[in-house]
Structure formats: C-alpha cells, structure tokens
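Engineer: Could you look at this predicted model? Sequence included:
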Amino acid sequence: MDVNIIGLIKAAVLNGTPLLFGTSGEILTQKSGNMNLGVEGLMFMGGAFGLCGAFVYDRFAGDAAVGWIAVLIAFCCAFLAGIVGAFIFSFLTVTLRANQNVTGLALTIFGTGVGQFVGELMRIKVGGNVSISNALKTAFSGSIFPQSMQDIPVIGSILFGYNVFVYIGVVIVVAMWWFMNKTRKGLYLRAVGESPATADAAGINVTRYRYIATCLGGGISALGGMVHTMTIAGCVWNHNALAGEGWVAVALVIFCLWRPLNAIWGSILFGGLLILYLRLPISFLPTQIYKIVPYIATAVVLVIVSMRRRREDQPPEGLGLNYFREER
C-alpha cells in the first residue's frame, strides 16, 4: 500500500509539472489584466519547437551530443516560441484592442496548428516517429540528484526522484510570488491588472507592463508543453498528447485563486486527478467521468469563492478588459 501511495504521489508530481508551467505563466499574464485563453496553443508550440530543437541538435551532434545542452536548447526553443505566440496576442489585444477572449481562442487554433505542422514536418523528414537518442532522453527524464539521495527511505524518491523541470517549475513559481509581493515592480504589475486607469494616472506604463507580463507568461506556459513532450510523452511527438492540457491549466488558475504558490500543490492535485483512472480504476465509473473531475473541482471552488465574497480571492478587476486611455 505504501508503495502504491508513493508511486501515486510521484506520478502526480510528474504529470502536474506541465500544468505548473502552464498555470504559473497564465497567472503572470492575468495579473497584468490580460485574459489569454490561448494556453493550449502555446503549449502545443512549446512542445513542438522544444522537441524540434533537441531533435535537430541530436541529428547534427550525433554521438557527441551532450544531455544538458539538449535540455538547454529545448528549453530556449520552447520559451521563444511561447514569447512569439504571446507577442502576437499582446499586439492584437493591447495595441489594436481586439477582444481578448476571441483572440485567445484564435491563438489556441493558431498555436495548435503551428505545433502540429512542425511535428508533422519533422515526421516527414524522418520518415517515421520523431524521437531523440536514449542518452538524451535520460537527460530530460532522469533525476538530477545522486542515487544515494533517492534511496533514502520514503522521502528519498518523493523529494529527489524527479527530472530537472520539476525543480525549475518550483523555482519559477517562488520567484514569481516574491516578485509580485515583495518588489515595487510587482506592485506596479498588480496595479495595472486591478485598475489600469489608476496605474496610468500614477505614471505606470500600462502598455509596457501588459506586454512584458503577457510575453513572459506565454513563454513560461509554452515550457509546459515542452516538459510534457520531453518527459511524459517520452521525447516522441504525438499530435494528441497535449490535447486538453492548456485548458486544464486555465482552470487551475481559477482553482488557485490567482496565487502563484497555490499552483504548486494545485498542479500536483490536478496531475493526480488526471491519471487517477490509471492508478485507481473503478469498474462502474467511466474514464470520461474521471477526466472531468478537475473541472468539477474548479466549479466547486468558484461557487465557494462567490459565496464568501472575499476580495483577495477574486480575479484582478481589470482582467479581460482592454484599456482605452482616452476614456480615463
């Protein structure tokens, strides 16, 4: 029984890590007042371009390929792809003042199409499944800690048995919390999301903060797609592997009440719920019911928050609203 519980915890952490990136990136975006519903498309782009970067490096370097370099290349390719996608969203919504919900949905379609195009292009070039060498796969999925630390009873595998992206995700979330709550720039960012007119009157550049937060948030969200492709999917491109991950990340933002630190335990919880049907099957319960549990949990949280009416649990007041300086 203990082994099963430990295995479930580890599986929940590993499956929740892509959600941690997607959720934390979207929290940063929404804190600026931008509602980017294109996380699904950003994660597809991150997964495709991350794999493409590592794959091209593996083909050119051959036996001389180094694991940490492949990880760095995949990381940078996914992050840049996410920034480009989020920049398009920012240009349309911040500069051209297009409807944020419609633009986000369009980004989902665009990003998904771009990701599948890149993945299919690689598949055609190879003439089969797109994958990287086993040596490089270990660099993506293997633990960064020595085996002696992983062999510590009970806590060893739970704390030290994960790939590098788990710890990078935690560091990003903690840094994001510190930035938003302990720095002047973070206060300015939150002010832009709450009341852009007031922030503008105080001399804060609303456009700059929304652009930067949205682009960085998009880059972080795209890393979630790369992490899913390079760890859970085994460094093999699958058109349907990421389907639904972005929407779960958006739901998790609401579940976490727009608080970065809540994304850590929230992503583990949702990661566990997503694979629960594999670990704890119930004969009379359809798999589809299992898969909608995260969304049911989000709806329950929304109802509870609405009933309590606590301001600190509400989304930024300016969320989803374009700022027209002329109407200030």
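Structural biologist: Good, I have the coordinates. Numbering: from 1, shown residues only.

Engineer: Helix or strand: which one has Ala48?
Structural biologist: Here Ala48, judged by DSSP states H and E, is contained in helix 39-61.

Engineer: How about Lys185?
Structural biologist: Lys185 belongs to helix 184-194, assigned by DSSP H and E.

Engineer: in that helix, what counts as buried?
Structural biologist: The neighbour-count check on helix 184-194 (16 or more other C-beta atoms under 10 Å) flags 186, 188-194 as buried. In this view, the C-beta of every residue, glycine as well, is placed from N, C-alpha and C.

Engineer: average pLDDT for it?
Structural biologist: Confidence over helix 184-194, taken as the mean pLDDT, stands at 95.

Engineer: contacting residues around it?
Structural biologist: Contact with helix 184-194 is made by 30-33, 178-180, 198-199, 202, 204, 206, 209-210, 213, 316-319, as judged by C-beta atoms under 8 Å, 6 or more residues apart in numbering.

Engineer: still on that earlier bit, max pairwise distance over the buried residues of helix 184-194: which two?
Structural biologist: Largest separation among these by C-beta to C-beta: Gly186 and Glu194, giving 12.6 Å.

Engineer: what does the host helix or strand of Ser157 rub up against?
Structural biologist: Here Ser157 sits within helix 155-160, counting by DSSP H and E. With C-beta under 8 Å, 6+ apart as the test, helix 155-160 has contacts from 6, 9-10, 143, 145, 149-150, 152.

Engineer: Please pick the buried ones from these.
Structural biologist: Neighbour counting by 16+ other C-beta under 10 Å classes 6, 143 among the contacts of helix 155-160 as buried.

Engineer: From the contacts of helix 184-194, keep the buried residues only.
Structural biologist: Using 16+ other C-beta under 10 Å as the burial test, those include 30-33, 180, 199, 204, 206, 209-210, 213, 316, 318-319 as buried.

Engineer: Just the ones of those residues in strands?
Structural biologist: Assigned to strands by DSSP state E, none of the buried ones among the contacts of helix 184-194 qualify.

Engineer: Closest to Ala297 out of these?
Structural biologist: Out of these, the member with the shortest distance to Ala297 (by C-beta to C-beta) is Gln30, at 19.1 Å.

Engineer: pLDDT of stretch 112-129, averaged?
Structural biologist: On average, stretch 112-129 scores 87.

Engineer: Oh, that last question was meant for stretch 161-170, not what I typed.
Structural biologist: Stretch 161-170 comes out at a mean pLDDT of 94.

Engineer: Which positions in that stretch come out as buried?
Structural biologist: For stretch 161-170, by 16+ other C-beta under 10 Å, it's 161-166, 168-170.

Engineer: Can you give the contact residues for that stretch?
Structural biologist: 10, 13-14, 17, 20-21, 24, 71, 140-145, 150, 223, 227, 231, 264, 267.

Engineer: go again using 7 Å as the cut-off
Structural biologist: Contact partners of stretch 161-170, identified using C-beta atoms under 7 Å, 6 or more residues apart in numbering, comprise 10, 13-14, 17, 20-21, 71, 140-144, 150, 227, 231, 264.
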